[in-house]
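>>> heads up, no residue letters with this:
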């Protein structure tokens, strides 16, 4: 089976940096993805890590350590519009096409 | 490009009724999935498909059927609606493992 753990809530101030952690247990790990979802909206894809290390996309970065079964999403220069839920998701190399999501982290950005 | 299109956007069903949620994508993606999201919760995988004619069960498949007769379409059928199936349903697609999923805008289903 697959399971993921991430904090339920994180609060930060505008302009700050915040890190959202994700630990996972899965058989046949292939990669870790991150998604953003605003209230009432659909999830949107942010980043993917298949190999160890850091991937950077503008203000967002994502990190993966396969040996530690751990990853994180780093958001820099926080803006009010970054207030949303963030989900990590693992994909499997034994069940192609199957992605399992964590329960999500609600980020609140305060002025 | 329309991306992933889901219909209807809202639906109210009576217990015991059946219905089909439609999902279509125009990106020629091989992989398609159905998720449900309960209030304040994450996304739980119902069924998924890696290509036309190939489907498999996810974490919560009971009460739902799927078929994939074409690359573009992946309908989800509720066989006999129950109040526990009240949720928001998302359809998603991607090229293959390692690429991000594109989600539809969702169907908000209430079963009374």
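That came in fine, so what should we check first? Predicted model, so just to flag it, every value in this text is computed and none were measured.
>>> Which residue is the nearest non-sequential neighbour of the closest residue to chain B within chain A?
With Cβ to the nearest Cβ, the shortest gap between chain A and chain B falls at residue A:45, namely 2.9 Å. Using the backbone N, CA and C atoms, a C-beta is placed for each residue, glycine as well. Leaving aside its chain neighbours, residue A:45 sits nearest to residue B:100 (2.9 Å; criterion: Cβ to Cβ, 6 or more residues apart in numbering or on different chains).
>>> measure the one you found to residue A:110 for me?
Between residue B:100 and residue A:110 the distance is 29 Å, computed by Cβ to Cβ, to the nearest Å.
>>> So between these two, which is more surrounded?
Taking neighbours as other Cβ atoms under 10 Å in any protein chain shown, residue B:100 and residue A:110 compare with residue B:100 leading, 19 against 11.
>>> Could you confirm the more buried one falls within a helix?
No. Counting by DSSP: H, G, I helix; E, B strand; the rest coil, residue B:100 is not part of a helix but coil.
>>> does it really touch residue B:94, like I thought?
Yes. Using Cβ atoms under 8 Å, residue B:100 is in contact with residue B:94, at 6.5 Å.
>>> From residue B:66, how far off is residue B:104?
Following Cβ to Cβ, the distance that separates residue B:104 from residue B:66 is 15 Å.
>>> and residue B:46, what does it touch?
B:33, B:34, B:35, B:36, B:58, B:59, B:60, B:61, B:64, B:66, B:76, B:89 (Cβ atoms under 8 Å, 6 or more residues apart in numbering or on different chains).
>>> Flag every residue of chain A that's near chain B.
A:30-31, A:33, A:35, A:41-48, A:50, A:87, A:89, A:91-93, A:95-104 (Cβ under 8 Å from any Cβ of the partner chain).
>>> looking at the sheet around the residue nearest to residue B:84 when sequence neighbours are not counted, what are its partners?
Spatial nearest neighbour of residue B:84, chain neighbours left out: residue B:111 (7.8 Å); criterion: Cβ to Cβ, 6+ apart. Beta-bridge partners for residue B:111, by DSSP bridges, are residue B:13.
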